[in-house]
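this is a predicted model, with the sequence first.
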Amino acid sequence: MPKILRNLLIWLPIPSGNYFCFFFNFFSLLLNSNIKISFEDGFYFIKNLKWRFHHRKMGVYCYLLGINKRINFLKKKYFLNKINFKTDDIIIDCGANNGDLSLCFDKKIKYYGIEPSPIVFSNLKHNVKNQKLINKAIWKNSKDKVSLYLSDEGGDSSVIPISNYTKKIDILTITLDELIDDIGSQIKLVKIEGEGSEPEILEGLNKNLSQVEYLSIDAGFERGIDQKSTFEDCKTYLKKNNFELINFDKKNYVLLFKNLYSDQ
């Protein structure tokens, strides 16, 4: 039933704005999720949380069933429950979208969110306070200017050319090596969701790879027009560099790697 209602809410020809809020809140009531949204200045806001999103599809799939459901989903998807986080651990979120991952930590962490899409980054900036947020594309080279193919409705924007995109823009790049140089500390977790650019992101994490304890990577079938998986490329690169694959979600093609020398 929840899946049917979510799909119905997405495909019904409901006008955006307050009309959509009415139906969203009604469906939320049917599902006992206690989520209510409002609309202001072109954005949707989750009441009592001060959380913002822009695209209806992302809002329905991420929040209609409730924030706790979203948090539990992300913890399971990226294997966060398999990691023993401590206060002040550093988390780098590549492909941060609206910043949902930042809600998943019980302890106070240091969060670095990287999101290339301008309008999605504006949500990230609104939602996540007092943390380091970067509006660039994470890539194999730093300070390049690359094309970003925007597909924000489903959170599918990519620097790898795709067939279904609404707009192409230029965006500056940053590497994980450059970011970790600036941080100057050990990194507990790097989560990577690059919509197919995961191999290039890892290529930009060479010098400082040994500084990372865990990598959680979405290597699903999202690369380019042919929608290929990046599983083998990611696994080969990290295995060669002393990382062990310790968990693999076959449904979502998410991989959790651990640095073999992180405890030494």
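Looks like it came in fine. None of these values were measured; they are calculated from a predicted model. Numbering: from 1, shown residues only.

which stretches of the chain form strands?
Remark: strands assigned in the chain by DSSP state E are 37-40, 43-46, 51-53, 90-94, 110-114, 132-134, 137-138, 145-150, 167-174, 187-192, 212-218, 243-249, 254-259.

contact partners for Ile201?
By Cβ atoms under 8 Å, 6 or more residues apart in numbering, Ile201 lies in contact with 94, 138-140, 176, 192, 194. C-betas here are computed from N, CA, C, even on glycine.

if we go to 10 Å?
Ile201 makes contacts with 94-95, 114, 137-140, 159, 175-176, 190, 192-194, 217, 230, 234, as judged by Cβ atoms under 10 Å, 6 or more residues apart in numbering.

now the helix or strand of the chain with the lowest mean pLDDT: how far from the chain's centre is it?
Lowest on mean pLDDT, DSSP states H and E among the helices and strands of the chain sits helix 2-11, with a mean of 85. Put simply, helix 2-11 sits 22 Å off its chain's centre (Cα atoms, centre = their mean, to the nearest Å).

what do you get for stretch 246-254?
Centroid separation for stretch 246-254 versus its chain: 16 Å, with Cα atoms, centre = their mean.

kindly report the same for stretch 163-179.
On Cα atoms, centre = their mean, the centre of stretch 163-179 falls 14 Å from the chain's centre.

go through it and flag the buried ones.
165, 171, 173-179 (16 or more other Cβ atoms under 10 Å).

over to stretch 184-195?
Neighbour-count burial for stretch 184-195 [16+ other Cβ under 10 Å]: 187-195.

just the CA atoms of that stretch, as PDB, please.
Presented in PDB, the C-alpha positions along stretch 184-195 are these (Å, rounded to 0.1, in the frame of the first residue of the first chain):
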ATOM      1  CA  GLY A 184      44.100  17.500   7.900                       C
ATOM      2  CA  SER A 185      42.700  14.600  10.000                       C
ATOM      3  CA  GLN A 186      41.700  11.000   9.700                       C
ATOM      4  CA  ILE A 187      38.300  10.400   8.000                       C
ATOM      5  CA  LYS A 188      35.900   8.000   9.500                       C
ATOM      6  CA  LEU A 189      33.600   7.500   6.500                       C
ATOM      7  CA  VAL A 190      33.400   8.700   2.900                       C
ATOM      8  CA  LYS A 191      30.000   8.000   1.400                       C
ATOM      9  CA  ILE A 192      30.000   8.200  -2.400                       C
ATOM     10  CA  GLU A 193      26.900   8.500  -4.600                       C
ATOM     11  CA  GLY A 194      28.200   9.900  -7.800                       C
ATOM     12  CA  GLU A 195      25.500   8.800 -10.200                       C
END
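
and this protein, what are its domains?
2-65, 73-259 (automatic domain parsing).

how far does stretch 168-183 sit from its chain's centre?
16 Å.

again, but for stretch 152-171
The answer for stretch 152-171 is 15 Å, by Cα atoms, centre = their mean.

go on, stretch 127-147?
With Cα atoms, centre = their mean, you get 13 Å for stretch 127-147.

try stretch 58-66
Offset of stretch 58-66 from its chain centre (Cα atoms, centre = their mean): 15 Å.

quick one: Thr87 from Val120, how far?
29 Å (Cβ to Cβ, to the nearest Å).

just Ile180 next, same as before
Relative to Val120, and taking Cβ to Cβ, Ile180 is found at 23 Å.

burial count for Pro199?
When counting by other Cβ atoms under 10 Å, one arrives at 18 neighbours for Pro199.

which residues are in contact with it?
By Cβ under 10 Å, 6+ apart, the neighbours of Pro199 are 140, 160, 219, 223, 230, 232-234, 236-237.

show me which pair in those is furthest apart.
Ile160 and Thr236 (18.4 Å; Cβ to Cβ).

and the average pLDDT for stretch 239-253 is what?
Mean pLDDT, stretch 239-253: 94.

now Gly220. Nearest residue, chain neighbours left out?
Nearest residue to Gly220, sequence neighbours excluded (Cβ to Cβ, 6 or more residues apart in numbering): Tyr253, at 4.1 Å.
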